[in-house]
Structures are given as C-alpha cells and as structure tokens.
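[1] Okay, here's the prediction I keep looking at, along with the sequence it came from:
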Amino acid sequence: MAPKDDPETAALKKELNELIAKFQEEQKKVADCKIDDKCGDVAGIPKVPLSTKRMLKGHINKVNSVHYSDDSRHCVSGSLDGKLIIWDTWTGNKIQVIPLRSAWVMSVAFAASGNYVACGGMDNMCTVYDVNNRDSSGAAKIVRELAGYEGFLSSCRFLDDTHIVTGSGDMKICVWDLEVGKKTSEMDGHNGDVVSISLSPDKNTFVTGSVDRTSKIWDLRENKPKQTFFGHTADVNSVFYHPSGQAFASASEDKTARMFDIRSDQQVANYAPQNPNSGFTSCALSLSGRYLFCGADDNSVYAWDTLKTTPAGSLNGHENRVTSITIAPSGIALVSCSWDQYVRVWG
C-alpha cells in the first residue's frame, strides 16, 4: 500500500488538480469544434496497407528502442542483450554490432547524417558512438560519455552531429555540446520522469512526454517550456511532432492516443483504443500526418485516420510487447521492435 501524503502535500495536490480542472474548463469554452466534426466531409483513408517486409534477427533479449537514420535505409536498435545493431532495412543485413558497457539500454538515436548513434538507460549516461571509426576491437568508437544524471537516461535525439538533447528520470532535459562534452543548457519543467522527446521539423522546438501525465513544448532558443498540455490520465509514454510543425501526437498508459494543436493550445482529437485492455508504449505519424501509429502492450501496432479519428487497421506479428516504433523520414516504411527480440520492417 502506498504511503499517505502529509496534510501539506495533500493540500498542494488538491490545489494543483483544481487548477488543472479550471484550465481545462476554460479551454473547452473556446473549443468551437472537434477535428472529426470539422473533417466529416473529408474522404476516408484505406486500412493501413503495410505488411512485414523484413524480419531483422540478431538480438537475443528484449529490444527496447529503435530509430531511423535520415537516409530512410538504416536504423539502430538497442536491446537488453547489451548490443546496439545498425541495420540495412532494405536488405535485412546487419551493418554493425556495437557492444555496450551497460545492457540496460532504454533509448537509442541515429544522427540525421548517419555518422553517429547514441544510447542510454539505467547506467544514467548517454553514450555517443562514431559509426565511421572503429576502436582496437573493431567496434564503433566512443565519442562521448555524457554523465551527471541523477536518474536513468530515457530519451535522446540528435540536433546535429555536434549537439544532442536528452531526457531523464531526474526530470531534467539537457542539451549537450558533443565537441567539448559539456551541457549547454539544463531545463526543468516536469514533475516526473521525462520519457520521450520529439523534435519539430525545423529543430528549433521539441516536445516532451512525462510520467507526470503532461506534455510540454520547449524552445531551444529560450531554454524554457513554452506550453504545457494536459488531458492524459496516466503516464505519457511517447510524443511525436506532426510533420506540419503545428501539432503533436501523444500515446499514454491510459490506453488512449491524442492530438494536440499548438496554435490553439489544446487537445483537438482523442483516438480510442482498439483494444481497451492495452496501454500504448510509442507513437509515430506518417509523412502526410494522416495516419497515426501506436505500439501497444498487446503485441500490436494500431493505426488511425488522424482527421476522422477512426481506426485504420493494425500491424500484427510481434509475439510480445511492442516497445518502440520509428517512421522512415521519406515515409516509405515503419520499423517496430519488441520484447520478442525481433525488429520488423513494415512497408
């Protein structure tokens, strides 16, 4: 049984919940329509036309994270077997296998250039590798080990080859200069673990999701949160910027996915779970923004029509929890990974 809060903490929580409820009521007053009502006369889209094109086999333990390179051909996956694997998704071949100092990897990232990959997890560190240079053992050379976190490293994304942004279990978002190995900024704003980061198309802003049930928009030029979005009733496990740069999607442990409009500062769509017993671990939007995909606890990847908020099918084949999904920047494929030890390419 969880310990009861002391009277002062309980009073503060009550006040906070009352303020959130007040803000949500004010938002409802200015919400003149819902996206599915406004798009009622828009033609629907076909069921998601994807099937497994490649089954990438190589990991021997749970795969927790996967991320595409900007070339839309290569991706990197991280597993509890203590390995990063760089894959050629067109052929299904392994390009590199990188042994890790800690097996507890939770997040991976591929630099847009394809020159670097990064990972981190329960070692409270973000490690960056140069995939074009090898050490004496033949593995990709470590460029930087970014330490100093007071919690696990939960998310990371490259801004460019020399800068990376990270989120962690100590509720902080940090931007690092990789050339000197130092933080250029450290931002606070969430009241719980930061578990997901998604960059805007222009890479001037990014959105974060947290176990505090909120998502926040941050401006790298100001180093502070610009907006906070409420609505989910459990951990926000994943966020993904809309290709237009004007909205983002989120996926939550509360078994719903949502779309938030940045300009109107509120939720504009709610995507009901196709399986009401399964929470969502990850989300991604198609290149057009018309399909929303969510990886789920029940081994499937679900899809919706973002405008009509109706189900658009599912991707089935994994035999355990789908932990992460990534969309090729060109829009030609989706890659998912799972606790079943496999990485699948859907196209």
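    Yep, that arrived. All figures in this text were calculated on a predicted structure; none of them were measured in a lab.
[2] Quick check: next helix or strand after the helix ranked longest in the chain?
    The longest helix of the chain (DSSP state H) is helix 7-30. Using DSSP states H and E, the next helix or strand after helix 7-30 towards the C-terminus is helix 35-38.
[3] Mind listing what's buried along that next one?
    35-36 (16 or more other CB atoms under 10 Å). C-beta coordinates here come from the backbone N, C-alpha and C atoms, glycine included.
[4] Figure out how far the next helix or strand after it is from the centre of its chain.
    Where DSSP H and E defines the elements, the next helix or strand beyond helix 35-38 is strand 52-56. Offset of strand 52-56 from its chain centre (CA atoms, centre = their mean, to the nearest Å): 22 Å.
[5] elements contacting the helix or strand just after strand 52-56?
    Following strand 52-56 in sequence order, the next helix or strand is strand 63-68 (DSSP H and E). Packing partners of strand 63-68 (3 or more CB pairs under 8 Å, 6 or more residues apart in numbering; DSSP states H and E): strand 74-79, strand 105-110, strand 322-327, strand 334-338.
[6] tell me the average confidence for the second one?
    Per-residue confidence for strand 105-110 averages out to 98 on the pLDDT scale.
[7] and that strand, how far out from the chain's middle?
    Counting by CA atoms, centre = their mean, strand 105-110 comes out at 10 Å from the chain centroid.
[8] angle of that strand against strand 63-68?
    10 degrees (axes from the mean of the first three to the mean of the last three CA atoms, to 10 degrees).
[9] which residues are in contact with the helix or strand following strand 105-110?
    The helix or strand immediately downstream of strand 105-110 is strand 116-121, counting by DSSP H and E. Contacts to strand 116-121, defined as CB atoms under 8 Å, 6 or more residues apart in numbering, come from residues 64-65, 76, 78, 84, 86, 98, 100, 102, 104-111, 126-131, 140, 143, 152-154, 156, 158, 161, 164, 166, 178.
[10] Can you select the buried ones from those residues in ChimeraX?
    A single ChimeraX command selects the buried members of these (16+ other CB under 10 Å):
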select :64,65,76,78,84,86,98,100,104,105,106,107,108,109,110,111,126,127,128,129,130,131,140,143,152,153,154,156,158,161,164,166,178
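[11] quick revisit: now do the longest helix of the chain: distance to the chain's middle.
    The answer for helix 7-30 is 27 Å, by CA atoms, centre = their mean.
[12] Which other helices and strands does it contact?
    Partner elements for helix 7-30 (3+ CB pairs under 8 Å, 6+ apart): none found.
[13] ok, now with 10 Å
    strand 224-229, strand 266-271 (3 or more CB pairs under 10 Å, 6 or more residues apart in numbering; DSSP states H and E).
[14] orientation of that helix relative to strand 266-271 in degrees?
    Using the same axes, to 10 degrees: helix 7-30 against strand 266-271 is 90 degrees.
[15] Quickly compare the helices and strands packed on helix 7-30 and say which is most buried.
    Greatest average neighbour count among the helices and strands packed on helix 7-30 goes to strand 266-271 (a mean of 20), per mean count of other CB atoms under 10 Å.
[16] distance between it and the chain's centre?
    18 Å.
[17] Who does that strand pair with, and is each partner parallel or antiparallel?
    Here strand 266-271 is paired, per DSSP bridges, with strand 257-261 (antiparallel).
[18] now the end-to-end length of stretch 136-155.
    29 Å (CA to CA, to the nearest Å).
[19] next one: stretch 76-89
    Note: stretch 76-89 ends 10 Å apart using CA to CA.
[20] what does the average pLDDT come to for that stretch?
    Stretch 76-89 comes out at a mean pLDDT of 98.
[21] What are the buried residues along that stretch?
    76-87, 89.
[22] quick one on the thing from earlier: identify whichever of the helices and strands packed on strand 63-68 lies nearest to residue 243.
    Ranking these by proximity to residue 243 (CB to CB) places strand 322-327 first, at 9.7 Å.
[23] re the thing from before, may I see the helices and strands packed on strand 63-68 arranged in TSV, with distance to residue 220 as well?
    Shown next, in TSV, are the helices and strands packed on strand 63-68 (distance: least, CB to CB, whole Å):
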stretch	distance to residue 220
strand 74-79	23
strand 105-110	16
strand 322-327	22
strand 334-338	27
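[24] Just the strands from the stretch 101-250 of the chain, written as ranges.
    Ranges of strands in the stretch 101-250 of the chain, per DSSP state E, counting those that start in this stretch, are 105-110, 116-121, 126-134, 140-146, 153-160, 163-168, 172-177, 182-188, 194-199, 205-210, 215-219, 224-229, 236-241, 247-252.
[25] Adding distance to residue 321 as columns, could you present the ones you listed in TSV?
    Below are those laid out as TSV (distance: least, CB to CB, whole Å):
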stretch	distance to residue 321
strand 105-110	14
strand 116-121	17
strand 126-134	24
strand 140-146	28
strand 153-160	17
strand 163-168	21
strand 172-177	26
strand 182-188	30
strand 194-199	15
strand 205-210	18
strand 215-219	22
strand 224-229	26
strand 236-241	12
strand 247-252	13
